[in-house]
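**Student:** Here you go, sequence then predicted model.
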Amino acid sequence: FLAGVVVGSVLTGATTYLMMQDADRVRAVFAYTLGNLAFMGWPSVKAMVLFFLLALPPLLLLGRVLNALQLGEEVARSMGLPLEGLKLLLLLAASLLVAAAVAQAGIIGFVGLITPHLLRRFLGEDYRLLLPASALGGAALLALADLLARTLTRPAELPVGVMTTLLGGPFFLYLMWRRRGRA
């Protein structure tokens, strides 16, 4: 634990030093690290479409595999699923989607936590429904958070990542509190 704190502190110091070398770009760097949709436009959307076309179909088609994995790896193996290859495909597809989104908009936290947890209450545990609904629900949540970020502090504008953190932090604490109550 202490080694992680030290490494994090050293990297924060190095990052701060590098940002101060070009003070004009500090605001853009902070906006990116907090997640910001203000710099996105149609060229950014076009850049992400290829990644989504490559990665989203395998994820949507592997909903049954995720359903089987919920029951445990032993059960999934007993169903004849080649888990190593399927888990690698799931990891690659999800990583590709996340990397494409982060490359364009920065780090926008908690959307992937809030949306599936809320939708699971309404749709159940079937990933064949939950995955596409989470993709659409996450987009809707992000659009709402962006609208709030652009209007609440008008004429200034918050990075959307700040708004999703303000929504997601308390939601995460609620989930922890609820889980602790069940234990």
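**Tutor:** Done, it's in.
**Student:** if you take the average position of the chain, which residue is closest to it?
**Tutor:** residue 112 (4.4 Å; Cα atoms, centre = their mean).
**Student:** any idea how far residue 143 is from it?
**Tutor:** In this view, residue 112 and residue 143 are 15 Å apart by Cβ to Cβ, to the nearest Å. In short, each C-beta sits where N, CA and C put it, glycine included.
**Student:** What of residue 99?
**Tutor:** 21 Å.
**Student:** again, but for residue 155
**Tutor:** Shown here: residue 155 relative to residue 143, a distance of 21 Å by Cβ to Cβ.
**Student:** still on that earlier bit, and the residue nearest to the centre of the chain, what element?
**Tutor:** Per DSSP states H and E, residue 112 falls inside helix 111-123.
**Student:** Output the contacting helices and strands for the helix or strand containing residue 179.
**Tutor:** Here residue 179 sits within helix 160-182, counting by DSSP H and E. Under the contact criterion of 3 or more Cβ pairs under 8 Å, 6 or more residues apart in numbering; DSSP states H and E, helix 160-182 touches helix 26-34, helix 111-123, helix 127-151.
**Student:** now what about that helix, what contacts it?
**Tutor:** By Cβ atoms under 8 Å, 6 or more residues apart in numbering, the surrounding residues in contact with helix 160-182 are 33-37, 105-111, 113-114, 117, 141-142, 145-146, 148-149, 152.
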